[in-house]
Structure formats: C-alpha cells, structure tokens
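Peer 1: Coordinates for the following, if possible.
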Amino acid sequence: MVRVLMLLLFCLVFFYERSTSAQTPSPHDSQPTNQQLAESSDHGVVFESQPKPKLPNDVEPTTTTTVTLSAIFTSDGHVTNIRLLKTSSNGESRATIKILVKKSMEVAKLIKFVPACKDGHAVSVYVHIEYSFGPQTEEPR
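Peer 2: From the prediction side, this is the model:
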C-alpha cells in the first residue's frame with residue numbers, strides 16, 4: 001500500500017513539474033525508444049535500495065573490473081530479464097570475472113525501486129546497471 005502511494009505521489013509530482021515548466025522544449029519531451037531509455041540515466045525509475053554484491057572470501061579482484069548489466073524494471077516493481085552487456089577489466093582472470101558477473105546479477109534482482117511513469121501510469125523500462133570491483137572494493141555505481 002505504501003509503495004502504491006509513493007508511486008502515485010511520484011507520478012503526480014513528475015507531471016505537475018512537467019506541466020508547469022517553461023515553454024522551451026526539453027530533451028525529455030520527445031518519446032524515447034527503449035534503446036534510448038536503456039542508454040539514458042533519466043529512465044524515470046526511483047531507486048529505493050541497491051544492494052552491494054557480496055564476494056566469497058577467496059575471491060579478490062586484482063584490477064578494477066566493471067560489470068554492466070541490462071534489465072527490465074517492470075511496472076509492478078520487479079527486476080527481470082537481467083543480461084550481461086559487457087565487462088571491462090585489465091588482466092582479471094576469467095574465473096574471477098565469471099564470479100563478479102554472477103554476484104552482480106544476483107543482487108540486481110534485489111533492487112527496490114519506484115517504477116517509471118508515463119501518462120500517469122507505471123511503465124516498464126530498460127535500465128543499465130553498473131557494478132565496479134577492484135582491490136578491496138565491492139561498490140555499485
């Protein structure tokens with residue numbers, strides 16, 4: 001019930017601000033494609049919590065590694081269709097990268113968020129999620 005009220009409040013504020021803004025065109029006024037939504041940081045989703053990946057004690061990245069995922073943040077508040085887009089690393093072992101990807105995908109499912117809104121209704125959107133790992137770090141960006 002609280003999530004529904006938060007979603008409704010978010011949609012009302014979003015559309016009120018949009019309707020009272022100046023008459024100059026905004027890049028947000030056009031209808032973006034799913035690809036543009038995926039590449040945009042302005043996807044309309046409001047993150048409530050984004051857990052950090054927990055690595056096994058025997059896994060310690062030796063270089064900075066970034067895992068980029070794509071996922072659908074559904075209108076009913078679930079994270080689905082999580083897919084690996086890319087990894088970037090300088091010399092990390094394949095076994096370690098595989099573990100980093102697995103752990104990133106596991107915690108992506110646990111993200112809590114308020115869905116994006118369009119025309120006053122919650123909508124599903126594609127979102128890119130990045131997790132960066134390095135020596136002694138496990139923090140998502």
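Peer 1: Can you list the buried residues in the biggest strand by length in the chain?
Peer 2: Scanning the chain for the strand with the most residues, using DSSP state E, yields strand 79-89. Burial within strand 79-89, assessed by neighbour count using 16 or more other Cβ atoms under 10 Å, is assigned to 79, 82, 87, 89. C-beta: built from backbone N, CA, C; applies to glycine.
Peer 1: Same check on stretch 109-128?
Peer 2: Neighbour-count burial for stretch 109-128, with 16+ other Cβ under 10 Å as criterion, is recorded at 111, 113-117, 122, 124-128.
Peer 1: just stretch 48-62 next, same as before
Peer 2: By neighbour count on 16+ other Cβ under 10 Å, the buried set for stretch 48-62 is 53, 61.
Peer 1: now this protein, which segments are flagged as low pLDDT?
Peer 2: Screening the chain residue by residue with the criterion pLDDT under 70, one finds the ranges 1-42, 136-141.
Peer 1: re earlier: may I have the strands that pair with the longest strand of the chain, each with its orientation?
Peer 2: Sheet pairing here is set by DSSP bridges, and for strand 79-89 it gives strand 65-73 (antiparallel).
Peer 1: one step back: redo the buried residues of stretch 109-128 as CSV? Include secondary structure and distance to Thr65.
Peer 2: Output for the buried residues of stretch 109-128, formatted as CSV (DSSP: H, G, I helix; E, B strand; the rest coil; distance: Cβ to Cβ, whole Å):
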residue, secondary structure, distance to Thr65
Ile111, coil, 20
Phe113, strand, 25
Val114, strand, 30
Pro115, coil, 30
Ala116, strand, 29
Cys117, strand, 34
Ala122, strand, 34
Ser124, coil, 29
Val125, strand, 26
Tyr126, strand, 23
Val127, strand, 20
His128, strand, 16
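Peer 1: Out of the residues you listed, which comes closest to Thr63?
Peer 2: Nearest to Thr63, judged by Cβ to Cβ, of these is His128 at 21.8 Å.
Peer 1: Surely the closest one is in contact with Ser70?
Peer 2: Yes: under the contact definition of Cβ atoms under 8 Å, His128 touches Ser70, with a separation of 5.7 Å.
Peer 1: quick one, what contacts His43?
Peer 2: Residues in contact with His43 (Cβ atoms under 8 Å, 6 or more residues apart in numbering) are 37, 73, 116, 125-127.
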